[in-house]
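[1] No sequence on hand, only this structure:
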């Protein structure tokens, strides 16, 4: 039980770091357009800019308002690649799409065992599988350095060779909704993100996401995150907050909360 709890906390911290690398400096309008920090809003990093968290996903700004994402900590056991594209942006609103692909079979086989590190049953049969995630983001901003972003998405999984369900769901809070599509595809979700600058170097983001569970009741699993991001400069920042997951899981209603923390580095900022 203690081993499973440790794995749950580790997975949760890393995935939250991947999904909650927030912030953008409160500077003049020219610097604001440069997008030197990654966020969950439609805006992408400026071309050539890199954001490297200690735990989370590395993000690289590319040409044509695109941003690449990769999770280095899990790449060898769960190869992954993401791309965000900002299609339209002006002073009031913006729209983008996000697309991600990963191959989770290596990791699922790794945790299908007894004893230490075991999460899935030892006799689980994990087929070769591709997991896809696609989102649409619509953001609105104000002159008071605040914004709200709506997003809708769908997670799908394609098993190669056998389409039958041959391993159980991972019914831990935080992990359940992220792996639900492996056996229940497609899985739809939607969310809203609130961003607000508090001080010149400090901002706050509140993120709320609802995941539809493909069961007879059509219930939802919810995940809320409150994150504060402090920036010492364009090269270094700290992120801290809390995340909560709650809803009706296969074993009944549950509610969990964990801390979130990350150290974030910004690299290759081009000066004009």
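    Alright, I've got the coordinates. Nothing here was measured: the structure is a model prediction, and the numbers come from that model. Residues are numbered from 1 along each chain as shown.

[2] Now the phi/psi pair for residue 109, please.
    With angles defined as degrees, to the nearest 10, residue 109 sits at phi -70, psi -30.

[3] Correction: the previous question concerned residue 178.
    Per-residue torsions, residue 178: phi -80, psi -20 (degrees, to the nearest 10).

[4] where does the stretch 151-272 of the chain have low pLDDT?
    162-165, 215-218, 269-272 (pLDDT under 70).

[5] Now do the helices in it.
    Under the criterion DSSP state H, counting those that start in this stretch, helices of the stretch 151-272 of the chain are mapped to 176-179.

[6] quick one: residue 237 and residue 266 touch, right?
    Yes. Counting by C-beta atoms under 8 Å, residue 266 is a contact partner of residue 237 at 7.3 Å. Yep, even glycine has a C-beta here, placed from its N, CA and C like the rest.

[7] Quick one: the strands in the stretch 101-250 of the chain, in order.
    Secondary structure of the stretch 101-250 of the chain by DSSP state E, counting those that start in this stretch: the strands cover 129-141, 146-159, 187-199, 202-212, 220-231, 236-249.

[8] More neighbours: residue 237 and residue 266, which one.
    Neighbour totals were compared for residue 237 and residue 266, and residue 237 leads with 24 against 20 (other C-beta atoms under 10 Å).

[9] ok so, going back, can you work out which residues contact both of residue 237 and residue 266?
    Any residue near both residue 237 and residue 266 by C-beta atoms under 8 Å, 6 or more residues apart in numbering counts here, and that gives residue 37.

[10] circling back to that earlier point, would you list the strands of the stretch 101-250 of the chain in CSV and tack on distance to residue 106?
    CSV is the format used below for the strands of the stretch 101-250 of the chain (distance: least, C-beta to C-beta, whole Å):
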stretch, distance to residue 106
strand 129-141, 10
strand 146-159, 14
strand 187-199, 21
strand 202-212, 24
strand 220-231, 25
strand 236-249, 25
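
[11] Quick check: which of those strands is nearest to residue 100?
    strand 129-141 (4.4 Å; C-beta to C-beta).

[12] separation between the residue lying closest to residue 152 once chain neighbours are set aside and residue 265?
    Nearest non-adjacent residue to residue 152, counting by C-beta to C-beta, 6 or more residues apart in numbering: residue 190, 4.7 Å away. Here the criterion is C-beta to C-beta, to the nearest Å. By it, residue 190 lies 32 Å from residue 265.
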